[in-house]
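1. Pasting the sequence and the predicted coordinates here, then a few questions.
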Amino acid sequence: MENPTEKRKIVLSAIQPTGTPTFGNYLGALKNWKSMSEDYDCLFAVADLHSLTVRPEPQDLRRRTQEMYAILLALGLDPEKNIIFIQSHVHQHSELAWILNCSTQFGEASRMTQFKDKSEKHPENVNVGLFAYPILMAADILLYQADYVPIGADQKQHLEITRDIAERFNTIYGNTFKIPEPFIGKIGACVMSLQDPLHKMSKSDPNPKSYISILDDDNVIVKKIKSAVTDSEAKVRFGEGKDGINNLMSIYSCCTGLSYDQIEKDFDGKGYGDFKVAVADAVVEELKPFKEEYGRLINDKAYLKECAEKGAQKAGRLAERTLSKVQKKTGLFQL
Ligand code: TYM
């Protein structure tokens, strides 16, 4: 039994408001946020500063930030029990990020695969923010002394650099930051594109058939899953060279809780058509309560603003404790 005098562990995670989250974001991160939100002291942020690295249209960024905030509440995250906030509302994130920039080596930041991928994809805008992106992410995490960070597999390397930065800082200046652990689910940690299952499902993919957006209409979800790429074996089983089916099995397993063995048994002798219908039904069912709640919340702008204000105040108080410690340790002259 949990000891009531023991301090509850702290969880922090964030998502960028670069578009409506995909079912990959949902299974890799958001669904775990919801389940962790009951048992831990959780902070969840809309990482709007991170989104500036791809230079969004200002009016789009403003709208998407509010939509993403509504999405987090619609998922069932309770703003009274958890701290749900918008990153740029808590100025300590940018301030700590600068200090951590000075504790990060150019070489280690250059090794980040996401930086390399994004700079190759967008050679016209390889800005310094894109390069320093993982260091801002480290600041997000370390400010709150987080124990666990629920993320998809694609963010694992950023967690590793966060740990390295924290350990180096602690060695130089004395114990300051808790060293966070990633929390990556066993299944659903990397949901793949429906059209190219060797690549992750991504909301920035130019082909909308490759991803399910969590606000897609039911009939659109069904169509996208029916047109998902599979293989010619026509047997529902998890195996090598069956990336499309493996991906659908992982989606189905996350929605229904069924093991791969059970799914194979249930669909023994049935074709991919039947399986795809079942996967689509499971996804539609999974998203139903969320979509209804989102429809209600997005029209209640006053409530969203009130929650965001309270979230920023609560996060700011916690963030200030760590930032002030860091300022003192690094020798910045405090008034
Ligand atoms: P972002 O906004 O790209 O994605 C949000 C979360 O979704 C996960 N994810 C996936 N999981 C499974 N399958 C996929 N296809 C898939 N695509 C995305 C991501 O791993 C992530 O957990 N840098 C972060 C945002 C961030 C952050 C933080 C996260 C900023 N500060 C501090 C944790 C802690 C990002 O761009 O996530």
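-> Thanks, I have it.
2. wait, doesn't I161 sit right on T113?
-> No - counting by C-beta atoms under 8 Å, I161 stays clear of T113, with 11.2 Å between them. Yep, even glycine has a C-beta here, placed from its N, CA and C like the rest.
3. Looking only at neighbour counts, state which of those two leads.
-> Between I161 and T113, counting by other C-beta atoms under 10 Å, I161 is the more crowded of the two (19 against 10).
4. The more buried one - nearest residue in space that isn't next to it in sequence?
-> P134 (5.1 Å; C-beta to C-beta, 6 or more residues apart in numbering).
5. quick one: contacts for the one you found?
-> Listed by C-beta atoms under 8 Å, 6 or more residues apart in numbering, the contact set of P134 reads A109, M112, Q114, F115, Q157, H158, I161, T162.
6. again with A146
-> I10, V11, L12, L43, K178, P180.
7. what helix or strand is it on?
-> Secondary structure from DSSP states H and E places A146 outside every helix and strand.
8. so what's it scoring on pLDDT?
-> Looking at A146, its pLDDT reads 98.
9. G239 too?
-> pLDDT, G239: 94.
10. quick one, what contacts it?
-> By C-beta under 8 Å, 6+ apart, the neighbours of G239 are N246.
11. sec struct for the closest residue to G311 other than its chain neighbours, please.
-> What sits nearest to G311 in space, not counting adjacent residues and going by C-beta to C-beta, 6+ apart, is F85, at 3.5 Å. With DSSP: H, G, I helix; E, B strand; the rest coil as the basis, F85 sits in strand.
12. can you give me the helices in the stretch 201-335 of the chain?
-> Along the stretch 201-335 of the chain, counting by DSSP state H, counting those that start in this stretch, helices occupy 218-226, 243-256, 260-266, 272-297, 301-330.
13. now the stretch 51-200 of the chain
-> 58-74, 92-101, 106-110, 113-121, 128-142, 156-173.
14. Contacts for the longest one, please.
-> This means helix 156-173. Under the criterion C-beta under 8 Å, 6+ apart, residues 100, 103-104, 108-109, 112-114, 134-135, 137-138, 141-142, 149, 151, 176-180, 182, 184, 326, 329-330 lie in contact with helix 156-173.
15. can I assume Q66 is in contact with L304?
-> Yes - at 6.2 Å, Q66 counts as touching L304 under the criterion of C-beta under 8 Å.
16. Overlap in contacts, the two.
-> Common neighbours of Q66 and L304 (C-beta under 8 Å, 6+ apart) are I298.
17. average pLDDT across stretch 195-214?
-> Per-residue scores along stretch 195-214 average to 95.
18. Off-centre distance for it?
-> The chain centroid and the centroid of stretch 195-214 are separated by 16 Å under C-alpha atoms, centre = their mean, to the nearest Å.
19. Ok, stretch 58-75 next?
-> 14 Å.
20. Could you see whether the ligand lies near it?
-> No - for stretch 58-75, no contact with the ligand is found by C-beta under 6 Å from any ligand atom; the gap never falls below 9.0 Å.
21. got a list of contacts for that stretch?
-> Taking C-beta under 8 Å, 6+ apart as the rule, stretch 58-75 contacts 15, 17-21, 30, 33-34, 44, 46, 48, 51-52, 56, 79, 84, 86, 214, 290-291, 293-294, 296-298, 301, 304, 307-308.
22. Buried residues of it, list them for me.
-> Buried positions in stretch 58-75, judged by neighbour count with 16 or more other C-beta atoms under 10 Å: 61, 64-75.
23. Report the buried residues of stretch 36-44.
-> For stretch 36-44, the neighbour count (16+ other C-beta under 10 Å) marks M36, S37, Y40, D41, C42, L43, F44 as buried.
24. in terms of contact, does the third one touch L12 like I think?
-> No - with contact defined as C-beta under 8 Å, Y40 and L12 do not form a contacting pair (9.7 Å).
25. What about A189, how many residues nearby?
-> A189 has 22 nearby residues by other C-beta under 10 Å.
26. returning to what we had before: need the winner for burial among the helices of the stretch 51-200 of the chain.
-> helix 128-142 (a mean of 22; mean count of other C-beta atoms under 10 Å).
27. tell me the mean pLDDT for that one?
-> Average pLDDT, helix 128-142: 97.
28. Give me the contact status of that helix with the ligand.
-> Yes - under the criterion of C-beta under 6 Å from any ligand atom, the ligand is reached by helix 128-142 at M137, D140, I141.
29. ok, now which ones touch the residue of the stretch 201-335 of the chain found nearest the ligand?
-> Minimum separation of the stretch 201-335 of the chain from the ligand (C-beta to the nearest ligand atom) falls at M201, amounting to 4.0 Å. Contact analysis of M201 by C-beta under 8 Å, 6+ apart lists T22, F23, G24, V191, M192, S193, L194, S210, Y211, I212.
30. Quick check: closest non-adjacent residue to the last one.
-> If you skip the residues right next to it in sequence, I212 has F23 as its closest partner in space, 4.1 Å away by C-beta to C-beta, 6+ apart.
31. mind checking how far the residue of the stretch 201-335 of the chain closest to the ligand is from I141?
-> M201 is 24 Å from I141, where distance means C-beta to C-beta, to the nearest Å.
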